[in-house]
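*Asks:* Sharing a model that was predicted from the sequence below.
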Amino acid sequence: MLDPSSLSFYDTVIIGAGPVGLACAIEVQRQGLSVCVVDKGALVNSIVGYPTNMEFFSTPELLEIGGYPFPTSGYKPLREDALDYYRRVAFAEKLPLRLYERVLSLEGEAGAYELHTDQGRIHTQSVIVATGFFDVPNKLNVPGEELPHVSHYYKEPYAHAGQPVVVVGAKNSSAKAALQLARAGAQVTLVVRGPELAESVKYWIRPDLVNRIAEGRIKALFNTTIAAIRPGEVDVVTENAPQTLPASFIYALTGYRPDYSLLAALGIDTQPDAARTPWHDPETFETNKQGVYLAGTVCGGLNTSRWFIENGRFHAAVIAAHLAGQAAPTPPPVLQPVQLS
Ligand SMILES: Cc1cc2nc3c(=O)[nH]c(=O)nc-3n(C[C@H](O)[C@H](O)[C@H](O)COP(=O)(O)OP(=O)(O)OC[C@H]3O[C@@H](n4cnc5c(N)ncnc54)[C@H](O)[C@@H]3O)c2cc1C
């Protein structure tokens, strides 16, 4: 039974307290509308979950929101710099936050929506969905994937010194994890489905990994897929023959996708294109549901590198202007998609 006192009323509710959701809240609030940001986890929950020592590839000014300068001591911000920056901005703007509250579904119509969460109902005239892509990993779909020594999220290498670890994936995340793990004393096998590392592996990471593979510090199996996982070992299928590898831990770093079940529960249609793009007007970011908008990475569907912080933060001013019935600001230059993970 829902507690009636948990009912709340806002002009706009933003789902997702990531960089883009926060940017939206600031711009909408500056239009004189009442806002609330709801997140199922912590403030900037996705960045909280990134690798501990992660360094952004963007320089700090390209990650700024709300016009607040992002001071850093280094050329590229670290994860901790970003966590600190976005918290300071959210607190400086006194953004109303409802953290650790998961949005489940949406009922009603434009001007009178009712958002259902795991803690109650929120009444709102409009909704901005800024839920990113980091909550639903692309699965290997093999037996044993749900075992506790398998993870789709990598944080740091130190628990794996002296242990055999299998890393699955050919892009930046798996390349960086394999390098860190090997340097921390793990016996790393990198399992890659295709014949080589992805082209998108950053130019400063690729030669490091290629050289570690050449000197035998990291074992790499190309044209290889995972067939089954058991405690302590993993079956792989290679070009030549099946093999069983020792594996005290498996990092399956094969990317992520938007939460399509949430989008469906919010009534947002998906286009029949290869990227399964959630339906939205590219000019206003309004979806097939009037008064419900998409912002940030979620806009790209399976093309999770189409929108990132650098370009997704500009959705905020466009949506805020549309909500306030004003002309959209001059669009920023469209940045090319990048490979992030
Ligand atoms: C390792 C790595 C490095 C990166 N480096 C860069 C970089 O250098 N530059 C750059 O521009 N981008 C970078 N990115 C990409 C960037 O971090 C994302 O594009 C960015 O976080 C997207 O912001 P967002 O606000 O759209 O989504 P997110 O930051 O993912 O925020 C979405 C939020 O929605 C919440 N949420 C989801 N479902 C619900 C629900 N049902 N109810 C309530 N809340 C919900 C989540 O908890 C989360 O806090 C990187 C990504 C990775 C993985």
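*Replies:* Great, that's in hand. Residues are numbered from 1 along each chain as shown.
*Asks:* For Ala23, which three-state class applies?
*Replies:* Three-state call for Ala23 (DSSP: H, G, I helix; E, B strand; the rest coil): helix.
*Asks:* now do the one 3 residues further on
*Replies:* Under the three-state scheme (three-state DSSP), the conformation of Ile26 reads as helix.
*Asks:* OK, contacts around it?
*Replies:* Listed by C-beta atoms under 8 Å, 6 or more residues apart in numbering, the contact set of Ile26 reads Ile65, Gly66, Val89, Glu93, Leu95, Ala316. C-beta here means a position set from N, CA and C on the backbone, and glycine is covered the same way.
*Asks:* In this model Val89 seems to touch the second one, though I could be wrong.
*Replies:* It refers to Gly66. Yes - counting by C-beta atoms under 8 Å, Val89 is a contact partner of Gly66 at 5.6 Å.
*Asks:* what's the overlap in contacts for those two?
*Replies:* The contact sets of Gly66 and Val89 overlap at Leu22, Ile26 (C-beta under 8 Å, 6+ apart).
*Asks:* thinking again about what came up before, out of the contacts of Ile26, grab the one that's most surrounded.
*Replies:* Top of the contacts of Ile26 by neighbour number is Ala316, holding 28 neighbours under the definition other C-beta atoms under 10 Å.
*Asks:* same for the helix or strand where that residue lies, what does it pack against?
*Replies:* When secondary structure is defined by DSSP states H and E, Ala316 falls within helix 315-323. Under the contact criterion of 3 or more C-beta pairs under 8 Å, 6 or more residues apart in numbering; DSSP states H and E, the helices and strands touching helix 315-323 comprise helix 19-30, strand 292-294.
*Asks:* and of the ones you listed, who's closest to the ligand?
*Replies:* Comparing these by their distance to the ligand (C-beta to the nearest ligand atom), the top pick is helix 19-30, with 3.3 Å.
*Asks:* can you list the residues of the stretch 51-200 of the chain near the ligand?
*Replies:* Applying C-beta under 6 Å from any ligand atom, we find that the stretch 51-200 of the chain lies next to the ligand at Met54, Phe56, Phe57, Ser58, Arg102, Val103, Ala130, Thr131, Gly132, Phe134, Asp135.
*Asks:* and Lys176, what is it in contact with?
*Replies:* The neighbourhood of Lys176, defined by C-beta under 8 Å, 6+ apart, consists of Pro51, Ile205.
*Asks:* wait, Tyr293
*Replies:* Shown here is Tyr293, whose contacts under the criterion C-beta under 8 Å, 6+ apart are Ser126, Val127, Ile128, Val129, His280, Thr284, Phe285, Glu286, Thr287, Ile319, His322, Leu323.
*Asks:* Show the pLDDT at it.
*Replies:* At Tyr293 the predicted local distance difference test score is 98.
*Asks:* what bridges to it?
*Replies:* Beta bridges link Tyr293 to Ile128, Glu286 when assigned by DSSP bridges.
*Asks:* Distance-wise, check it relative to Val142.
*Replies:* From Tyr293 across to Val142, the span is 38 Å (C-beta to C-beta, to the nearest Å).
*Asks:* sorry, back to before: of all the helices and strands packed on helix 315-323, which lies closest to Tyr154?
*Replies:* Between Tyr154 and the helices and strands packed on helix 315-323, the shortest separation by C-beta to C-beta is 20.8 Å, and it involves helix 19-30.
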